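Undergrad: Show me how the following folds:
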Amino acid sequence: MTSVEESVRTVSRAGDTTISYTVGGSTEGPTWVYVHGWGCRRTDFAPVAAFLPADHRVITVDLAGHGDSTSARTDWTMAEFARDVAAVLEAESVERCAVVGHSLGGAVALELARQHPEVVTQIIGLDSFHYLGLYPAIDDGAARGLLQTFEDDFATGVRSLVVMGSVPDTDPEFGEAIFAKASRLAPAVGISALAEMLRWDMDEALAAVPHAVATLAVRGLLDPAATERYGDRIDFVVHDLGSHHFLLEQPEETAKLLLASRTTA
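TA: As a prediction, the model looks like this:
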């Protein structure tokens, strides 16, 4: 396990937005940028980062409205979240990086690559790109039904996502910890971000970026239709490391998969 000194920093954006992020490791080595999922935060990646080489630089970002990042804006699109990350990369003078996106963070990573193709070298999803109505585009009626659950009772909606992301042997206490964390997300932010995620066009984003895309997909959650539809565009690395939040359950094994999936570009 690697011990890496970290520095917590902030960068300001429009819309009274302050993005909090962490930088650790060496500026001389390869750079990893981590983008968390819906209702999560940058610290989720800390256990994984501890198993990455000490000479690698790791930047983890709290998206607006999540973790320690604050915002008064009303735009919660994947593209705007990507601009949060881009502001961090600019502040840190990052010239080349691999972006790791968990769940919704995978969509943000693709948008970041679309905005800055010269900086992003590769996108690696953590249980991303293969469910939650991202393909084919979900119709308005289905989207409205899903969002209505959150509008009626936000906690019930969050609980449904935790259940969806669980596998048969998921530790109930672990599931409760994930639920407690995600439930702290402001409902206005959470519902708006979900709505924008459901409107997001993954096919369009994939077509717009030339970068290598992989996803570390939980076997028990992987929709076979995803591999049929995107198998020639996305490298599906199927594993049995745990639930949708496997990076917290098996950080060392997650780090090994990330290192094995990383390209040399």
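
Undergrad: how about the helices of the stretch 101-250 of the chain, start to end?
TA: 104-115, 140-152, 154-164, 172-183, 187-199, 202-208, 224-230, 246-249 (DSSP state H, counting those that start in this stretch).

Undergrad: Can you lay out those helices as JSON lines showing distance to Ala82?
TA: Where you see a C-beta, it was placed from the backbone N, CA and C, and this is true even at glycine. Below are the helices of the stretch 101-250 of the chain laid out as JSON lines (distance: least, C-beta to C-beta, whole Å):
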{"stretch": "helix 104-115", "distance to Ala82": "4"}
{"stretch": "helix 140-152", "distance to Ala82": "21"}
{"stretch": "helix 154-164", "distance to Ala82": "22"}
{"stretch": "helix 172-183", "distance to Ala82": "21"}
{"stretch": "helix 187-199", "distance to Ala82": "12"}
{"stretch": "helix 202-208", "distance to Ala82": "10"}
{"stretch": "helix 224-230", "distance to Ala82": "20"}
{"stretch": "helix 246-249", "distance to Ala82": "21"}
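
Undergrad: right, so of those helices, which gets closest to Thr17?
TA: helix 187-199 (11.7 Å; C-beta to C-beta).

Undergrad: buried ones in the closest one?
TA: Val189, Gly190, Ile191, Ser192, Ala193, Leu194, Ala195, Glu196, Met197, Leu198 (16 or more other C-beta atoms under 10 Å).

Undergrad: quick one: that helix to helix 140-152, angle?
TA: Helix 187-199 runs at 170 degrees relative to helix 140-152, counting by axes from the mean of the first three to the mean of the last three C-alpha atoms, to 10 degrees.

Undergrad: Quick one: list the elements packing against helix 187-199.
TA: Other elements packing on helix 187-199 under the criterion 3 or more C-beta pairs under 8 Å, 6 or more residues apart in numbering; DSSP states H and E are helix 78-91, helix 104-115, helix 140-152, helix 154-164.

Undergrad: what comes up buried for the longest one?
TA: Neighbour-count burial for helix 78-91 flags 78-89, 91 (criterion: 16+ other C-beta under 10 Å).

Undergrad: wait, what's in contact with Val238?
TA: Ala217, Arg219, Leu222 (C-beta atoms under 8 Å, 6 or more residues apart in numbering).

Undergrad: How much space separates the second one from Gln122?
TA: Here the distance between Arg219 and Gln122 works out to 23 Å (C-beta to C-beta, to the nearest Å).

Undergrad: more neighbours, the two?
TA: Gln122 (20 against 10; other C-beta atoms under 10 Å).

Undergrad: my read: that one touches Val99, true?
TA: Yes - when contacts are counted by C-beta atoms under 8 Å, Gln122 is listed as touching Val99 (7.3 Å).

Undergrad: Contact partners for Leu110?
TA: Met78, Gly101, Ile123, Met202, Ala205, Leu206, Val209, Val213.

Undergrad: give me the beta-bridge partners of Arg9?
TA: Tyr21 (DSSP bridges).

Undergrad: ok, it - contacts?
TA: Ser20, Tyr21, Thr22, Val23, Ala91.

Undergrad: Could I get the residues you listed in JSON lines, plus columns for pLDDT and distance to Pro53?
TA: Formatted as JSON lines, the contacts of Arg9 follow (pLDDT from 0 to 100; distance: C-beta to C-beta, whole Å):
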{"residue": "Ser20", "pLDDT": "97", "distance to Pro53": "25"}
{"residue": "Tyr21", "pLDDT": "98", "distance to Pro53": "20"}
{"residue": "Thr22", "pLDDT": "97", "distance to Pro53": "17"}
{"residue": "Val23", "pLDDT": "97", "distance to Pro53": "16"}
{"residue": "Ala91", "pLDDT": "97", "distance to Pro53": "24"}
